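**Q** coordinates only, sequence not included:
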């Protein structure tokens, strides 16, 4: 295993830019590489994306591998796993990190099995064991009711990292780095799962992941009508509306509003949870909020263990009074 | 259409968070007292997806569950929902595996079953939340795979899948046989019917040991792991919620707004 060296991050691209998760991975990878005394590399896969290599260097990469081919225009599992397996065999990194996104959670396990190594998904912390130099991979398990630290003794050690769990470095345009092109060597016939269409289902207004204030509703809201009141408060606060899983499963709101382990991970300044019981699965998605406020009639609800401020009471009585007071305070 | 669905028995993830405790003697989650194991909720969506395909096209659904100490009333639930056959990979040797050793054992069992058009798994299991076994089976069997499906339509030997993405969904077409993992956006799984429960009660599962699927005990379960669990722990919660009060709910609401303003959270 001695010949494996370096930390490689898989940089995702969206709308012609490095996605936020990519700069977060570079920030996290930089620290791991420095702790190992090794280099940090990024790999960019796509079509017409070579110019972004400079970006990856500015955010911390020492070297960027670029696989640029028309067939790689869209993320498709068969072509991407084949390209990444080739890159890993050529580059031989000790560590490979991807984002816990719809791409990373698809690609990392396939790649790990193809390469005969193990992946740890949805990590919130990565660190180097000072003795063994192996990577400690910390991830929430049991729906967030516990955390586990995994290690893997085969290289590359593969991990996916949750969005917003890591901080990017300050952009440094003076940073120097090397760009290396790797051929895709792809045959279109190897693509067995073909993407026919991509559909965006963005809700109008502020995106949940970018909102500074989120007003979130749970099972206690009771139906789609109740969410209108949450929307009113959210609009006063220039925020977005979110939900725990039951309102999504019951069709009261769009699935895309779900905050939690299987939904969006959010880190607003203010998270107002209304009628949310606080299942660990949901808390996983919002525990990074600076202030969590809970309104729930059950004083034993788990959400009060997570919240910084709370009111025990029926939201139907609490929320209108709260909304009008907030409106008054913000108008001052 | 012959569909195989991989279903796991887990600690009920809906159990109150406070009931989750780690066994101090080992890196294991203890079964909370009074909380019965359940069929993994994510796997139930996969069972539901299989049943919808069977409703539309007919065919047979075979369930595979792997583990030790499997409870008949739990692992038979998919039969009660309408699945046809149940195969249990039940042996101490299968226990405490990771994604690798679990996918390996399931893959070998699927190979032995042989006659299949589609393999379904939940998007992840609600205990380790890894989401790797479906992808692993695809790799090990050399099959195409699609993850995070919210809708599956089968036509002429192909599956058209709506795959959940970070900002919506994409339509993926895949040749069969394939492995597809199913996400909760599929919609609520059906309930077991009384008739289904009666039928399930009479059905005897097929039980396979490692030798029955042509593997050594050292290749599955804890012995076959490729990742090591160093530590399982529960971070200490500070639990310092400031409960704002008032003579009425409305007054408490006003006080909450004032408190948030004071804390510069508004």
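**A** Alright, I've got the coordinates. Treat the numbers as computed from the prediction; the structure is a model and nothing was measured.

**Q** wait, residue A:244 sits on residue A:260?
**A** Yes: Residue A:244 is within contact range of residue A:260, at 6.4 Å (criterion: C-beta atoms under 8 Å). The way it works is simple: take the backbone N, C-alpha and C, and place the C-beta from them, glycine included.

**Q** Got the phi and psi for residue B:178?
**A** Main-chain torsions, residue B:178, degrees, to the nearest 10: phi -150, psi 160.

**Q** beta partners for residue 161?
**A** Because you didn't say which chain, this covers chain A. Beta-bridge partners recorded for residue A:161 (DSSP bridges): residue A:99, residue A:123.

**Q** Hmm, no, I was thinking of chain B.
**A** Counting by DSSP bridges, the residues bridging with residue B:161 are residue B:152, residue B:172.

**Q** Report pLDDT for it.
**A** Listed pLDDT for residue B:161 reads 98.

**Q** which residues touch it?
**A** The contact partners of residue B:161, by C-beta atoms under 8 Å, 6 or more residues apart in numbering or on different chains, come to B:146, B:149, B:151-153, B:171-174, B:180.

**Q** which among those end up buried?
**A** B:146, B:149, B:151-152, B:171-174, B:180 (16 or more other C-beta atoms under 10 Å in any protein chain shown).

**Q** So which of those is the closest to residue A:184?
**A** The shortest gap between residue A:184 and any of those belongs to residue B:172, at 20.2 Å (C-beta to C-beta).

**Q** quick revisit: tabulate the contacts of residue B:161 (CSV), appending pLDDT.
**A** Shown next, in CSV, are those (pLDDT from 0 to 100):
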residue, pLDDT
B:146, 98
B:149, 98
B:151, 98
B:152, 98
B:153, 98
B:171, 98
B:172, 98
B:173, 98
B:174, 98
B:180, 98
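
**Q** Dump those to CSV, plus distance to residue A:288.
**A** Converted to CSV, the contacts of residue B:161 look like this (distance: C-beta to C-beta, whole Å):
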residue, distance to residue A:288
B:146, 30
B:149, 28
B:151, 31
B:152, 34
B:153, 37
B:171, 32
B:172, 31
B:173, 37
B:174, 35
B:180, 32
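
**Q** So which of those residues is the closest to residue B:50?
**A** Relative to residue B:50, and with distances defined as C-beta to C-beta, the nearest of the contacts of residue B:161 is residue B:152, at 9.0 Å.

**Q** quick one: the closest one and residue B:180 touch, right?
**A** Yes: the criterion here is C-beta under 8 Å, and residue B:152 meets it with residue B:180 at 6.2 Å.

**Q** overlap in contacts of the two?
**A** By C-beta under 8 Å, 6+ apart, the residues touching both residue B:152 and residue B:180 are B:49, B:159, B:161.

**Q** Distance to residue A:179 added to those residues, as TSV?
**A** Formatted as TSV, the shared contacts of residue B:152 and residue B:180 follow (distance: C-beta to C-beta, whole Å):
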residue	distance to residue A:179
B:49	44
B:159	39
B:161	36
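
**Q** Sketch out the helices for chain A, chain order is fine.
**A** Here chain A has its helices, by DSSP state H, at A:20-36, A:53-58, A:77-91, A:104-115, A:224-236, A:245-249, A:280-286, A:303-306, A:315-331.

**Q** Select, out of the ones you listed, the one closest to residue B:194.
**A** The nearest among the helices of chain A, by C-beta to C-beta, is helix A:245-249 at 24.5 Å.

**Q** Could you see whether chain B lies near the closest one?
**A** Yes: using C-beta under 8 Å from any C-beta of the partner chain, helix A:245-249 reaches chain B at A:245, A:248-249.

**Q** likewise stretch A:310-320?
**A** Yes: using C-beta under 8 Å from any C-beta, we find that stretch A:310-320 touches chain B at A:310-314, A:317-320.

**Q** and that stretch, how far apart are its ends?
**A** End-to-end distance for stretch A:310-320, by C-alpha to C-alpha, to the nearest Å: 15 Å.

**Q** Next: stretch A:146-161.
**A** Start-to-end span of stretch A:146-161 (C-alpha to C-alpha) is 17 Å.

**Q** Enumerate the positions of that stretch that are buried.
**A** In stretch A:146-161, counting by 16+ other C-beta under 10 Å, buried: A:146-152, A:154-161.
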